[in-house]
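> A structural model of the following input is requested.
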Amino acid sequence: MSGLSAGVRLAYYEKKVCILERHTTIGGLNSFYRLRRRNYDVGLHAITNYAEPGTKQGPLSKLLRQLRMTWEDFDLRPQLRSSIVFPDCTLFFTNQFSFLTEQVASAFPSQIDGFRRLVQRIADHDALNLERTVLSARQVVSEYIRDPLLVDMLFCPLMFYGSATPKDMDFNQFVIMFKSIFHEGFGRPFAGIRLILKKLVKHFRSFGGDLRLRAGVSQIQHRDGRATCVTLDDGTQIEADNILSSAGAAETLRLIDPENPPVKAPPGDISFVESISVLDCPPAELGHRDTIVFYSDSPQFHYERPEEPVDLRSGIICSPNNFDYTEPLEDGRIRITALANPHYWMNLPEDQYVSEKQHWNDRIVSSALQHIPDFRGRVIDTDVFTPRTIRRFTGHLNGCVYGAPEKWVNGQTPLSNLFLCGTDQGFLGIVGAMLSGITIANRHLLK
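Residues are numbered from 1 along each chain as shown. Modelled structure (predicted):
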């Protein structure tokens, strides 16, 4: 998403742009596929930073202006209601921030003043400053909120949707995610992520951009501190004045020198297993109407690489059907996502891998049934992806979804004309990733 957005922005200003994609389809972490005559989205539960069509302010409005696209191009439908569920408390939230404030005031009356002060601190913080410093979000939040349960409940959806750091977040990332999830909220394109991707590609090509699939980059050639060309998997070399990479920091540095990268950039290891169940009815027919459920069965929220293959203590339950649609989707869907140990899944023998996916799918579903009606008798198809799947189709080391804990906020790499955009630049979520591509293109190539 970041690479396509950067490409559109540059091509619009008549730069000669070529986007190189190793795989047979576009999208990276947010793509789509077809299996057994059904369409599936990868990565997308929801698009954050929702805004009503015609809104003049906010990230989504800025994104559309920068890309010269329309609200109809995204065709977003808002969430109905989502929830954060812990053993002793449940908070509901919608795309109206005042509703969450009322929930906090009701469930945590002694903390509401501190919560309001935290909200003001968030409003005053410039998280988009590309020269910012790293600050512990837990440290900042605990200055305003004393109840550890409320702290964990606020962190749960924000970390699940954007933290590459175990147990904590950079406060800048916390601010970005807080605003994008709680202030602005969730939406989803009716036709899924494929709609936005196809619009982006059509837009890019209309400005003269060149998109090449099955064109993976195996190495970035360089001389005297500058990138000179890329070598593709088939040996083809393409010269370039400038290169933007959305492959990730560690992955990009290894393209410069696989044996001795110019600087150390340890990859992240926060990854997930996801169970996707197709139902013969909408989930609402079974009594499940929440759009997304973020749950923790432990009183303390644990967010780190688990020792077990999958951490069953917490997870995300998303029903794509439970957005505000005027017409129903063709199938009922339940998607359940849980933290996973990438090293376990990467090293399984192929014959054992298939059976382990089924085993852990069953356990993930059973665990989630504490929070939603039992839908197992209505399942007509299932698919499962793991860190191994993510590694295969994105190239991200460890199958890490949110990249490395240390972000390269200004996008600059050791090579003067090679820049990072996307996950490891630091703007997260689909809208954030697209703004990352635009921001880095504007800063370094369109000044």
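
> First-to-last residue distance for stretch 377-391?
Stretch 377-391 has an end-to-end distance of 32 Å (criterion: C-alpha to C-alpha, to the nearest Å).

> Next: stretch 72-91.
Stretch 72-91 end-to-end distance (C-alpha to C-alpha) = 32 Å.

> Could you number the chain from 29 rather than 1 from now on?
Okay, using 29 as the starting number, the last item reads as stretch 100-119.

> May I see the buried residues of that stretch?
101-108, 110-114, 117, 119 (16 or more other C-beta atoms under 10 Å). The C-beta positions use only the backbone N, C-alpha and C, and glycine is treated the same way.

> Next: stretch 82-102.
Buried-residue list, stretch 82-102, by 16+ other C-beta under 10 Å: 86-92, 94-95, 97, 101-102.

> Can you tell me what sits against it?
By C-beta atoms under 8 Å, 6 or more residues apart in numbering, the list of residues contacting stretch 82-102 from outside reads 33, 36-37, 40, 75, 77-79, 81, 208, 212, 217, 223-224, 227-228, 231, 459-460, 462-463, 466, 470.

> which among the residues you listed end up buried?
33, 36-37, 40, 75, 77-79, 208, 212, 217, 223-224, 227-228, 231, 459-460, 462-463, 466.

> Just the ones in helices from the residues you listed, please.
33, 36-37, 40, 223-224, 227-228, 231, 459-460, 462-463, 466 (DSSP state H).

> Can you show me the CA trace of the lowest-mean-pLDDT helix or strand in the chain as PDB?
Within the chain, confidence by mean pLDDT, DSSP states H and E is lowest for strand 60-63 among all helices and strands, at a mean of 76. The C-alpha trace of strand 60-63 is given here as PDB (Å, rounded to 0.1, in the frame of the first residue of the first chain):
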ATOM      1  CA  PHE A  60      -6.400 -10.800  -1.400                       C
ATOM      2  CA  TYR A  61      -6.700 -14.200  -2.900                       C
ATOM      3  CA  ARG A  62      -9.200 -16.700  -4.300                       C
ATOM      4  CA  LEU A  63      -9.600 -20.200  -2.800                       C
END
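
> following that strand, which helix or strand shows up next?
Sequence order places strand 66-69 as the next helix or strand after strand 60-63, per DSSP states H and E.

> Okay, now the unreliable bits of this protein?
Across the chain, residues meeting the criterion (pLDDT under 70) sit at 158.

> circling back: need the buried residues of stretch 82-102 in a markdown table (columns: distance to Ile173 and secondary structure).
Conversion of these to a markdown table gives the following (distance: C-beta to C-beta, whole Å; DSSP: H, G, I helix; E, B strand; the rest coil):
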| residue | distance to Ile173 | secondary structure |
| --- | --- | --- |
| Gly86 | 25 | coil |
| Pro87 | 25 | helix |
| Leu88 | 28 | helix |
| Ser89 | 30 | helix |
| Lys90 | 30 | helix |
| Leu91 | 31 | helix |
| Leu92 | 35 | helix |
| Gln94 | 35 | helix |
| Leu95 | 37 | helix |
| Met97 | 38 | coil |
| Asp101 | 39 | helix |
| Phe102 | 34 | helix |
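
> Relative to His153, which of the residues you listed is nearest.
Checking those against His153 with C-beta to C-beta, the nearest one is Pro87 at 15.0 Å.

> ok but Arg166 is inside a helix, no?
Yes - according to DSSP: H, G, I helix; E, B strand; the rest coil, Arg166 belongs to a helix.

> And for it, the neighbour number?
The tally of other residues near Arg166 (other C-beta atoms under 10 Å) stands at 16.

> what does Pro137 give?
9.

> And Pro286, by the same measure?
10.

> any idea how far Ser170 is from it?
Separation of Pro286 from Ser170 (C-beta to C-beta, to the nearest Å) stands at 42 Å.

> Pull out the buried residues from the longest helix seen in the chain.
What stands out as the longest helix in the chain, according to DSSP H, is helix 378-396. Across helix 378-396, burial judged by 16+ other C-beta under 10 Å covers 384-385, 388-389, 391-393, 395-396.

> and the helix or strand following that helix, which residues are buried?
Proceeding C-terminally, helix 378-396 gives way to strand 407-413 as the next helix or strand, assigned by DSSP H and E. For strand 407-413, the neighbour count (16+ other C-beta under 10 Å) marks 409, 411-413 as buried.

> need those residues in a markdown table with distance to Gly71, can you?
As requested, the buried residues of strand 407-413 are arranged in a markdown table below (distance: C-beta to C-beta, whole Å):
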| residue | distance to Gly71 |
| --- | --- |
| Asp409 | 19 |
| Asp411 | 13 |
| Val412 | 14 |
| Phe413 | 9 |
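
> Farthest-apart pair in the residues you listed, please.
Once C-beta to C-beta is applied, the buried residues of strand 407-413 give Asp409 and Phe413 as the farthest pair, at 14.3 Å.

> returning to that earlier point: will you turn the buried residues of stretch 82-102 into a markdown table that also has distance to Ser191?
Formatted as a markdown table, the buried residues of stretch 82-102 follow (distance: C-beta to C-beta, whole Å):
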| residue | distance to Ser191 |
| --- | --- |
| Gly86 | 22 |
| Pro87 | 19 |
| Leu88 | 22 |
| Ser89 | 26 |
| Lys90 | 24 |
| Leu91 | 22 |
| Leu92 | 27 |
| Gln94 | 26 |
| Leu95 | 27 |
| Met97 | 29 |
| Asp101 | 30 |
| Phe102 | 25 |
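
> Nearest to Arg341, out of these: which one, please.
Once C-beta to C-beta is applied, the member of those that ends up nearest Arg341 is Pro87, at 32.0 Å.

> Identify the residues contacting the most far-flung residue of the chain relative to its centre.
Largest separation from the mean C-alpha position in the chain: Asp252, at 35.6 Å (C-alpha atoms, centre = their mean). By C-beta under 8 Å, 6+ apart, Asp252 lies in contact with nothing.

> ok, now how distant is it from Thr259?
Using C-beta to C-beta, we find Asp252 at a distance of 18 Å from Thr259.

> Quickly list the domain ranges of the protein.
30-106+218-294+430-473, 110-212, 297-422 (automatic domain parsing).

> and the last one, how far from the chain's centre?
Shown here is domain 297-422, whose average C-alpha point lies 16 Å from the average C-alpha point of the whole chain (C-alpha atoms, centre = their mean, to the nearest Å).

> Quote the end-to-end distance of it.
With C-alpha to C-alpha, one end of domain 297-422 sits 14 Å from the other.

> of the ones in helices among the buried ones among the contacts of stretch 82-102, closest to Gly296?
Gly460 (16.3 Å).

> Quick check, that closest one in contact with Ile75.
No - using C-beta atoms under 8 Å, Gly460 is not in contact with Ile75, being 10.2 Å away.
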